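S.K.: what's the 3D shape of this:
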Amino acid sequence: MDIFVRPGDSLWYFSELYKIPLQLIIDSNQNINPQRLQVGQRVRIPGFVTTGYTIKQGDSLWQIAQSQNLQLDAILLANPDVHPNRLQIGQTIQVPQRLTWRLVNGKQNYDYNIMINDIEKLLAAYPFLQNASIGNSVLERPIPEILIGKGSKRIHYNGSFHANEWITTPIIMTFLNDYLLSLTNQTTIRGLSTWPLYEQTTLSIVPMVNPDGVNLVLNGPPDNEAIKNKLITWNNDSTDFSGWKANINGVDLNDQFPAKWELESARNPQSPGPRDYGGEAPLTQPEAIAMADLTRKSNFAWVLAFHTQGKVIYWGFENLEPPESQTMVEEFSRVSGYEPVKSANSYAGYKDWFIQDWRRPGFTVELGSGTNPLPISQLDEIYEEALGIFLAGLYL
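M.R.: This next block holds a predicted model:
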């Protein structure tokens with residue numbers, strides 16, 4: 001929601017008026033010097049939207065404010081051209097409304113376009129979020145990274161490395177939305193105050209590593225005849241892509257990392273297909289390259305890659321992981337009921353490479369149980385299991 005500065009206004013006053021933490025208002029207006037506000041300057045208030053209201057006989061701004069649990073000035077700021085003593089029947093004003101509901105609807109076939117639309121809605125409502133592209137997919141779709149938090153401890157979560165595990169994306173997006181609601185409404189999640197998490201950590205989220213693959217699983221092959229025919233051939237002459245894990249080049253993105261890649265490659269298919277082909281060499285696919293470039297520049301303290309299924313948390317790689325990895329995975333297990341499994345004979349995965357090159361904790365979390373792709377009807381149940389892991393990944 002946008003408001004405009006009047007003489008004597010301050011960001012502290014706006015924080016008190018709208019009951020939003022001052023730091024979130026500062027972080028939502030990074031182009032503004034909080035000590036030198038200028039009259040007429042636009043200020044973005046996170047966690048609010050405005051709705052149009054048509055004036056009826058007997059209405060007053062004070063009554064409207066009372067009905068919305070707002071102070072009168074909160075409405076005046078949103079309507080700088082409206083005179084409170086000269087309301088006219090039929091006139092439309094903008095009424096600030098605190099967001100207490102999710103903007104993300106994860107319970108649908110959550111393809112790339114839906115995710116992008118949801119990210120744009122969240123950025124508009126919560127402008128303290130940051131968003132950038134880490135690179136493009138094979139079919140030139142930008143791969144977004146979302147950042148939330150101000151802390152020096154940098155944590156990373158990702159989803160949909162594998163196309164038929166796309167349910168990980170709406171689950172991650174639902175957590176992001178709930179985290180935002182908790183911060184702006186100053187409420188807890190599972191009894192945990194999230195404000196210290198925001199102050200102490202910067203959370204990096206890549207919700208959909210493999211956008212072309214997700215869209216292939218959900219929407220079928222692209223219209224381009226050459227690509228379509230190639231994909232059908234790779235898919236054993238089938239037009240049913242529901243079991244497809246790879247990217248649009250038929251390369252398994254979680255077999256693309258230089259962590260004993262040769263061992264993984266030797267035991268897997270040697271040509272493109274729905275799953276397990278690691279490519280001609282590590283880091284040949286643009287999505288894997290984008291993830292590697294992001295990780296190299298970001299100094300992540302630890303990473304969690306969300307997959308499906310099995311209700312297990314894989315940790316460790318070739319005994320290169322630090323001792324705290326075991327303590328962490330035990331906490332993830334405690335809050336989710338998932339089984340911790342120390343990786344053996346696991347090669348070329350993102351978390352394997354992260355542990356190998358940084359000697360820091362990395363985890364692959366296998367959400368839910370059943371046969372991939374897991375039905376969207378399981379989303380609520382899986383989210384409740386995973387929520388403790390999302391939170392522990394920040395407070396540990």
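
S.K.: give the contact list for Asp237.
M.R.: Shown in contact with Asp237 (Cβ atoms under 8 Å, 6 or more residues apart in numbering): no residues. All C-beta atoms are positioned from the backbone trio N, CA, C, and that covers glycine.

S.K.: before we move on, what about Phe390?
M.R.: Neighbours of Phe390 in contact, by Cβ under 8 Å, 6+ apart: Tyr157, Ile172, Phe175, Tyr179.

S.K.: so where do the helices sit in the stretch 51-200 of the chain?
M.R.: 61-67, 72-78, 112-125, 168-185, 195-200 (DSSP state H, counting those that start in this stretch).

S.K.: who touches the third one?
M.R.: When contacts are defined by Cβ under 8 Å, 6+ apart, helix 112-125 is touched by residues 46-49, 99, 103-105, 108, 129, 131, 141, 144, 146, 169, 173, 176-177, 180, 207-208, 211, 214-215.

S.K.: For it, list the C-alpha coordinates in CSV.
M.R.: What follows is helix 112-125 as a C-alpha-only set of coordinates in CSV (Å, rounded to 0.1, in the frame of the first residue of the first chain):
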residue,chain,number,x,y,z
TYR,A,112,5.8,-21.6,-13.7
ASN,A,113,3.3,-18.8,-14.7
ILE,A,114,1.3,-19.3,-11.5
MET,A,115,4.5,-19.1,-9.4
ILE,A,116,5.7,-15.9,-11.2
ASN,A,117,2.2,-14.3,-10.6
ASP,A,118,2.4,-15.2,-6.9
ILE,A,119,5.9,-13.8,-6.5
GLU,A,120,4.7,-10.5,-8.1
LYS,A,121,1.7,-10.4,-5.7
LEU,A,122,4.0,-11.0,-2.7
LEU,A,123,6.5,-8.3,-3.9
ALA,A,124,3.7,-5.8,-4.2
ALA,A,125,2.3,-6.5,-0.7
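
S.K.: Is Lys245 located within a strand, as I assumed?
M.R.: No - using DSSP: H, G, I helix; E, B strand; the rest coil, the assignment for Lys245 is coil, not a strand.

S.K.: Okay, strands next: where are they in the stretch 251-396 of the chain?
M.R.: 302-308, 312-315, 339-342, 362-367 (DSSP state E, counting those that start in this stretch).

S.K.: Just send the helices of the stretch 51-200 of the chain back as JSON lines, with mean neighbour count and distance to Gly40 too.
M.R.: As requested, the helices of the stretch 51-200 of the chain are exported to JSON lines (neighbours: other Cβ atoms under 10 Å; distance: least, Cβ to Cβ, whole Å):
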{"stretch": "helix 61-67", "mean neighbour count": "15", "distance to Gly40": "21"}
{"stretch": "helix 72-78", "mean neighbour count": "19", "distance to Gly40": "13"}
{"stretch": "helix 112-125", "mean neighbour count": "18", "distance to Gly40": "22"}
{"stretch": "helix 168-185", "mean neighbour count": "24", "distance to Gly40": "25"}
{"stretch": "helix 195-200", "mean neighbour count": "17", "distance to Gly40": "30"}
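
S.K.: Relative to Gln256, which of the ones you listed is closest?
M.R.: Nearest of the helices of the stretch 51-200 of the chain to Gln256, taken as Cβ to Cβ: helix 168-185 at 17.7 Å.

S.K.: and the angle from the closest one to helix 112-125?
M.R.: If you take axes from the mean of the first three to the mean of the last three Cα atoms, to 10 degrees, helix 168-185 sits at 10 degrees to helix 112-125.

S.K.: So which elements touch helix 168-185?
M.R.: In terms of contacts (3 or more Cβ pairs under 8 Å, 6 or more residues apart in numbering; DSSP states H and E), helix 168-185 is packed against helix 112-125, strand 142-148, strand 153-159, strand 188-189, helix 195-200, strand 302-308, helix 379-395.
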